[in-house]
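> model the structure of this input:
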Amino acid sequence: MGVYFWLFVAIIFLVIEGATSSLTSIWFTGGAIFAMILSYFTDNIILQVSVFIIVSAVLVILLRPFTKKYIHNNTENTNADRYIGQIGEVITRIEGVDKSGEVKVLGRIWRAEASEDIDVGETVKVLKIEGAHIIVEKSKGE
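All right, here's what the predicted structure looks like:
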């Protein structure tokens, strides 16, 4: 395997990383670059593949924990999960093909969906949050 092969492999992993931006394939790019440099000095395919695997593994083992700790640290807690399990009141009938309406939960009005029609004034339990709306079911006297 030659220089151009490893350059192609490195570029492929860079493209994959650019498409996913999850820092999972960047480590293999480093391994491919080391294998590409080695391919200038030897045509031994087994050695090149071994260097690719070893360098990629070392990069994953040494740098992945660092990047997870400092780079993927941008999740913002919204406390929206506090609505899950809460009881609310239907203020706009949940009906129709998409079974959507509005529910008031903890003083906030949400667009809500359910698997069945639910009338205004009935109480519902919040099952989960999907984007900017909640999924509810009829409350069973809770």
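
> when you work out contacts or count neighbours from here on, use the C-alpha atoms and nothing else.
OK.

> contacting residues for the spatially closest residue to residue 139 that is not a sequence neighbour?
Nearest residue to residue 139, sequence neighbours excluded (Cα to Cα, 6 or more residues apart in numbering): residue 124, at 4.4 Å. Contacts for residue 124 (Cα atoms under 8 Å, 6 or more residues apart in numbering) come out as 87-90, 136-139.

> 6 Å instead, please
Residues counted as contacts of residue 124 (Cα atoms under 6 Å, 6 or more residues apart in numbering) are 87-88, 137-139.

> what does residue 139 give?
Residue 139 is in contact with 123-125, counting by Cα under 6 Å, 6+ apart.

> what about it, distance to residue 123?
Here residue 139 is placed at a distance of 5 Å from residue 123 (Cα to Cα, to the nearest Å).

> rewinding a little: quick check, the residue nearest to residue 139 in a helix?
No. With DSSP: H, G, I helix; E, B strand; the rest coil as the criterion, residue 124 is assigned strand and is not in a helix.

> and the longest helix seen in the chain, what does it pack onto?
Secondary structure of the chain per DSSP state H: the longest helix is helix 45-70. On a contact count with 3 or more Cα pairs under 6 Å, 6 or more residues apart in numbering; DSSP states H and E, helix 45-70 meets helix 26-39.

> render the CA-only coordinates of the helix it packs on in CSV, please.
As requested, the backbone C-alpha atoms of helix 26-39 are provided in CSV (Å, rounded to 0.1, in the frame of the first residue of the first chain):
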residue,chain,number,x,y,z
ILE,A,26,-10.5,11.6,13.7
TRP,A,27,-8.3,9.1,15.6
PHE,A,28,-8.2,6.9,12.5
THR,A,29,-7.1,9.9,10.4
GLY,A,30,-4.0,10.2,12.7
GLY,A,31,-3.3,6.5,12.3
ALA,A,32,-3.6,6.8,8.5
ILE,A,33,-1.2,9.7,8.5
PHE,A,34,1.4,7.8,10.5
ALA,A,35,1.0,4.8,8.1
MET,A,36,1.3,7.2,5.2
ILE,A,37,4.6,8.5,6.6
LEU,A,38,5.8,5.0,7.2
SER,A,39,5.0,4.0,3.6
